[in-house]
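Colleague: please find the sequence and the predicted model below.
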Amino acid sequence: MTLRNAFTEEEWTDVVLGPMLASFALTAADPSGLLGVIRESSAAARAMDAARTDGDPLTDAVMETYDTPEGQGTVRDTIADMVRGRSPDDATADAIARISRVSRLLDRKEIDAAVYRDWLRSIGRAVAEASREGGFLGFGGEKISEQERRTLADLDAALSNGIG
């Protein structure tokens, strides 16, 4: 039985969404304008791509799914639905709650997900550090805003099964 077969279609979709949810949560936590979103998206892409060399079966399977047109469409549509008509705070809270559910799911399935969880943490950290917050035209501001620090802590708690 392959790792993918351990999940229902809906469960697998949730696991595949994890990396984008981590990225999205940090971007929505403290929106930083168009240039900031571009920097944060690039940082997320690099952090996601790093999983290709870790040799972990779960992250490998997630990236294989993400690389398909169907996987990309599901991620795109889910994130679009999350933001439609919602405040950034609500969308961030929803992303963190979904990550918490995925973390608990992996525990129930008794799947070794330490690398996956660390991967999501690294994606969140990369996004938070990608753009200075509170400055003007890229000058001043802080590397990680207070909202991003709180969201990183929430992400860590969700991945440690401390939320939800």
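Modeller: Done, it's in. Numbers count the residues shown, from 1 in each chain.
Colleague: okay, now the unreliable bits of the chain?
Modeller: Confidence mapping of the chain against pLDDT under 70 gives the ranges 1, 132-141, 162-164.
Colleague: from the contact counts, what lies against the helix or strand harbouring A153?
Modeller: Assigned by DSSP states H and E, A153 belongs to helix 146-159. In terms of contacts (3 or more C-beta pairs under 8 Å, 6 or more residues apart in numbering; DSSP states H and E), helix 146-159 is packed against helix 9-29, helix 88-108, helix 114-130. All C-beta spots, glycine's among them, are computed from the backbone N, C-alpha and C.
Colleague: now render these as TSV, adding distance to G73.
Modeller: What follows is the helices and strands packed on helix 146-159, written out as TSV (distance: least, C-beta to C-beta, whole Å):
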stretch	distance to G73
helix 9-29	11
helix 88-108	18
helix 114-130	20
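Colleague: and P57, which of these is closest to it?
Modeller: Nearest of the helices and strands packed on helix 146-159 to P57, taken as C-beta to C-beta: helix 114-130 at 8.9 Å.
Colleague: got the CA coordinates for that closest one in CSV?
Modeller: The C-alpha trace of helix 114-130 is given here as CSV (Å, rounded to 0.1, in the frame of the first residue of the first chain):
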residue,chain,number,x,y,z
ALA,A,114,8.1,15.1,11.6
VAL,A,115,9.7,16.2,8.3
TYR,A,116,6.3,17.4,6.9
ARG,A,117,5.6,19.4,10.1
ASP,A,118,9.1,21.0,10.0
TRP,A,119,8.6,21.7,6.3
LEU,A,120,5.4,23.7,7.1
ARG,A,121,7.2,25.6,9.8
SER,A,122,10.1,26.5,7.5
ILE,A,123,7.6,27.7,4.8
GLY,A,124,5.9,29.9,7.4
ARG,A,125,9.2,31.3,8.6
ALA,A,126,10.5,31.9,5.0
VAL,A,127,7.3,33.8,4.2
ALA,A,128,7.5,35.9,7.4
GLU,A,129,11.1,36.8,6.8
ALA,A,130,10.6,37.6,3.1
